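Trainee: Pasting the sequence and the predicted model now:
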Amino acid sequence: MAWKCTGSNSAELIANLAKHGIIQSETVATAMAKVDRANYVRDKAEAYVDAPQYIGYDATISAPHMHAHALQYLLPHIRLGGRVLDVGSGSGYLAAVLHHLVSSPSGTAGKVVGIDHIPELVQFSVDNLRNDGLGSALDDGRIVMIEGDGRKGWVQEGPYDVIHVGAAAPTLPEPLVEQLASPGRMFIPVGTDIQSILQVDKDEKGNVTKTKLFGVMYVPLTDRNPKTTF
Ligand code: SAH
């Protein structure tokens with residue numbers, strides 16, 4: 001599946017993701033089209049390859065088809081003016097796409113909070129977002145990139161309509177469930193040797209349901225190793 005969607009430019013990559021049924025909505029296609037992946041990778045020659053790419057510090061930017069899957073599953077809970085948490089925000093790519101889904105150029109201001117525990121990656125994501133033209137969203141707080149332990153979430157800005165987790169947790173972190181709005185949805189890889197995406201839904205009354213979606217291979221959600229280098 002992965003390689004089939006590779007394009008020679010951003011528009012072709014997105015068209016291929018749609019052609020193969022991974023992008024299923026115009027809304028996701030339009031938001032992804034606003035974010036050039038070349039601004040979020042180290043090797044720009046490989047920007048439109050549908051594969052993860054190493055970004056340093058034991059981290060990878062996820063493959064475009066994984067970002068597209070995540071957006072599709074989260075879409076029913078993403079709304080203009082909404083609040084989103086992206087745990088393990090890495091390159092900042094998904095924070096950018098989510099920003100275009102919750103904030104509009106005509107003035108509706110949503111909020112995207114990205115959190116990563118590697119300070120160099122937080123700085124990388126901020127630089128990438130600025131290079132991608134999102135400096136004003138960072139300046140006025142529509143996008144906030146935070147250094148911290150994502151397993152604890154970021155209670156200050158919650159609750160969140162949507163939580164995306166970009167690294168695999170051994171078990172579902174309870175603080176993230178608590179910081180989910182009612183209603184709200186989380187997309188999180190869970191597991192160690194064998195990982196699957198768990199969709200965690202909280203309804204209007206606060207009832208939580210968990211649905212296993214499909215098997216995946218993600219970088220683990222870990223304690224920070226201060227020795228981790230590029
Ligand atoms: N979704 C991002 C990055 C995925 S790689 C992208 O596509 O660019 C997973 C990220 O999770 C890495 O950046 C890693 O630093 C981060 N991470 C791992 N454990 C973490 C933790 N406990 N708290 C916050 N971030 C963590």
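Mentor: Structure's in. What do you need?

Trainee: Residue numbers of the chain in contact with the ligand?
Mentor: 59-62, 88-91, 93-94, 115-118, 121, 149-151, 166-167, 219, 221-222 (CB under 6 Å from any ligand atom). Every residue, glycine included, has its C-beta placed from N, CA and C.

Trainee: where do the strands sit along this structure?
Mentor: Counting by DSSP state E, the chain has strands at residues 53-56, 59-61, 83-87, 111-116, 143-147, 160-165, 180-191, 195-202, 208-216.

Trainee: Put together a markdown table for those strands, with mean pLDDT and distance to Leu74 on each row.
Mentor: Below are these laid out as a markdown table (pLDDT from 0 to 100; distance: least, CB to CB, whole Å):
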| stretch | mean pLDDT | distance to Leu74 |
| --- | --- | --- |
| strand 53-56 | 97 | 22 |
| strand 59-61 | 97 | 18 |
| strand 83-87 | 98 | 8 |
| strand 111-116 | 98 | 12 |
| strand 143-147 | 98 | 17 |
| strand 160-165 | 98 | 5 |
| strand 180-191 | 98 | 5 |
| strand 195-202 | 98 | 9 |
| strand 208-216 | 97 | 12 |
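
Trainee: Can you say which of these is nearest to Arg37?
Mentor: Nearest to Arg37, of all these, is strand 59-61, at 7.7 Å by CB to CB.

Trainee: Report the contact partners of the residue nearest in space to the middle of the chain.
Mentor: Most central in the chain under CA atoms, centre = their mean is Leu94, positioned 3.9 Å from the mean C-alpha point. Neighbouring residues of Leu94 by CB atoms under 8 Å, 6 or more residues apart in numbering: Ser62, His67, Ala70, Leu71, Asp86, His164, Gly166.

Trainee: Going by distance to His100, which of those wins?
Mentor: Nearest to His100, judged by CB to CB, of the contacts of Leu94 is Leu71 at 10.5 Å.
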